[in-house]
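> Dropping the sequence and predicted coords here.
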Amino acid sequence: MSTSRAADPPAPDAVAATLREAEFVRLCARPTGDALAAAGLLARALRSASTPFHVRTTRAGTAPDGDGTPVALGWTAPDATFVPAGDRPVSVVAAEVVAELGADPDPVVGLAGVVAAESAPGADGSGSLLESAERRDAVERRPGVAVPTADPADGLAGSALFRAPFSGDPEAARALLADLDYPAEPDDDDRRRLASAVALDATADAPPRAAEAVGRALHPYATPEGPFETLGGYADVLSATAREAPGLGVALALGNDVAREAALDAWRSHATAAHGLLDDPSTSRYDGAFVVRIDGESDGHAVLATAARLARDFASPEPVALVVADGAAAAAGVDGTTDVTAALREAAGDGTASGDARLGDARFDGDVESFVGGFRGAL
């Protein structure tokens, strides 16, 4: 999960020292599930310390104006203490900051951030979070597919963790379950059969990286006391709400379960729209980039970024996928060695771009073909 950054970020103990001395903290999270989970971890620690705080998401290049001490999560801010997207999930670094403050990070929130960062529970420095969750019986590994809801058809159709023929289509998901004779109360063998079917559907006619991508959604960690059925499902909802309804995402990360149903509605609509963009796209393949053109104006940044990630993993034969509409675009890269946000920023010219090396979005003036040409040249 490497990414370029303009300056070395402060160590967790330095971030903790800043928070300890602050009278009021403004947590400014990039709209990703990982950064949102990190904000939730820090906000809970600040609440325990009786330190006033405010949480918001932002795509700005500098910390938004306001009183108090700004802390940027998921991006490099020149005018704030920052924890950028880097070699480890932002939520892992935030958990270390919480520990430096003498508090216990919520392991389920932290691990949901880890999964949202396309990592795995226990990897990339999250071992202590997983150990804490297992010690508390907060997670339980089981066969099956990572979805947020108890209704498997709803979960399969609404998932943006993978792309398959039933994605965005609850009726098709129910047909799959009927073909498998999937019972209302499945056992481990039933869950294994479902996971195998999902893996086959998601990887058919897909690039090789699809196997790794869908693998992150299989053999999930169930969360018996969590707001959603699995860690992966929690991560999926956080990622969707971070872009689609950030206020709901913030509420979830802070532990407000009242927002659960509204967040699920946002998750469903977000995934349905993202998959819909890829159902019958106009595509072009270039050296290093796979381009998906969307007719007309898009609904903005939210859906394009998710569609770009899905296109990268399940459609693109190239290491970078670009989804572009009139005035807006998003790009996703495989490993961060090619900084897609830097390429978007160069192509956008006087427009705006935000994100990290692996995933970013942009607004631009001018025609789509010129933007695509500028993006390819920047790559």
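Structure's in. What do you need?
> The stretch 201-350 of the chain: strands as residue ranges?
Ranges of strands within the stretch 201-350 of the chain are 221-222, 282-286, 289-297, 320-326, 328-333, based on DSSP state E, counting those that start in this stretch.
> Take the ones you listed and lay them out in a markdown table including mean pLDDT, mean neighbour count and distance to T76.
For glycine as for every other residue, the C-beta is placed from the backbone atoms N, C-alpha and C. Converted to a markdown table, those look like this (pLDDT from 0 to 100; neighbours: other C-beta atoms under 10 Å; distance: least, C-beta to C-beta, whole Å):
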| stretch | mean pLDDT | mean neighbour count | distance to T76 |
| --- | --- | --- | --- |
| strand 221-222 | 98 | 22 | 31 |
| strand 282-286 | 95 | 12 | 29 |
| strand 289-297 | 88 | 17 | 25 |
| strand 320-326 | 96 | 25 | 21 |
| strand 328-333 | 96 | 29 | 18 |
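> now for those, which one comes closest to G276?
strand 289-297 (10.0 Å; C-beta to C-beta).
> Can you list the low-confidence ranges for the stretch 251-379 of the chain?
Judged against pLDDT under 70, the low-scoring parts of the stretch 251-379 of the chain cover residues 296-301.
> Tell me where it has helices.
260-277, 301-314, 340-348, 368-378 (DSSP state H, counting those that start in this stretch).
> got TSV for those, with distance to L254 and mean neighbour count too?
Output for the helices of the stretch 251-379 of the chain, formatted as TSV (distance: least, C-beta to C-beta, whole Å; neighbours: other C-beta atoms under 10 Å):
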stretch	distance to L254	mean neighbour count
helix 260-277	12	20
helix 301-314	21	26
helix 340-348	28	24
helix 368-378	37	17
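> Would you format those as JSON lines with distance to V324 included?
Formatted as JSON lines, those follow (distance: least, C-beta to C-beta, whole Å):
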{"stretch": "helix 260-277", "distance to V324": "11"}
{"stretch": "helix 301-314", "distance to V324": "8"}
{"stretch": "helix 340-348", "distance to V324": "9"}
{"stretch": "helix 368-378", "distance to V324": "6"}
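> quick one, which of those helices is nearest to D287?
Nearest of the helices of the stretch 251-379 of the chain (C-beta to C-beta): helix 368-378, 8.3 Å.
> Which strands or helices does the closest one pack on?
Helices and strands touching helix 368-378, by 3 or more C-beta pairs under 8 Å, 6 or more residues apart in numbering; DSSP states H and E, are strand 289-297, strand 320-326, strand 328-333, helix 340-348.
> okay, the ones you listed in JSON lines with distance to D361 next?
Listed next are these as JSON lines, based on distance: least, C-beta to C-beta, whole Å:
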{"stretch": "strand 289-297", "distance to D361": "13"}
{"stretch": "strand 320-326", "distance to D361": "9"}
{"stretch": "strand 328-333", "distance to D361": "4"}
{"stretch": "helix 340-348", "distance to D361": "7"}
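> what's the closest of the strands of the stretch 201-350 of the chain to T62?
strand 328-333 (21.6 Å).
> The closest one pairs with which strands?
Strand 328-333 pairs in its sheet with strand 320-326 (antiparallel), strand 359-363 (antiparallel), by DSSP bridges.
> Helix 368-378 and that strand, what's the angle between them?
30 degrees (axes from the mean of the first three to the mean of the last three C-alpha atoms, to 10 degrees).
> ok now strand 328-333, how far from the chain's centre?
Computed by C-alpha atoms, centre = their mean, to the nearest Å, the separation of strand 328-333 from the middle of its chain amounts to 14 Å.
> Let me know the angle separating that strand from helix 340-348.
150 degrees.
> Provide the contact partners of strand 328-333 at residue level.
297-298, 300-301, 304-305, 307-309, 311-312, 319-324, 339-341, 343-344, 347-348, 357-364, 371, 375 (C-beta atoms under 8 Å, 6 or more residues apart in numbering).
> just so I know, which of the helices and strands packed on helix 368-378 lies nearest V139?
Counting by C-beta to C-beta, V139 lies closest to strand 328-333 out of the helices and strands packed on helix 368-378; the figure is 27.9 Å.
> So what does the residue nearest to S119 when sequence neighbours are not counted look like in phi/psi?
In space, and not counting its chain neighbours, S119 is closest to P89: 5.5 Å by C-beta to C-beta, 6 or more residues apart in numbering. Reported as degrees, to the nearest 10, the phi and psi values for P89 are phi -60, psi 150.
> Check the burial of P89 by counting its neighbours.
32 (other C-beta atoms under 10 Å).
> Check P10 too.
For P10, using other C-beta under 10 Å, the count is 16.
> Ok, H219 next?
Neighbour count of H219, defined by other C-beta under 10 Å: 16.
> Nearest spatial neighbour of it, chain-adjacent residues omitted?
With C-beta to C-beta, 6+ apart, the residue lying closest to H219 is P143, at 6.0 Å.
> got it, and L359?
Using C-beta to C-beta, 6+ apart, the closest residue to L359 is A332 (5.0 Å).
> Can you measure across stretch 239-248, start residue to end residue?
11 Å (C-alpha to C-alpha, to the nearest Å).
> So which bits of that stretch are buried?
Within stretch 239-248, the residues that count as buried by 16 or more other C-beta atoms under 10 Å are S239, A240, T241, A242, R243, E244, A245, P246, L248.
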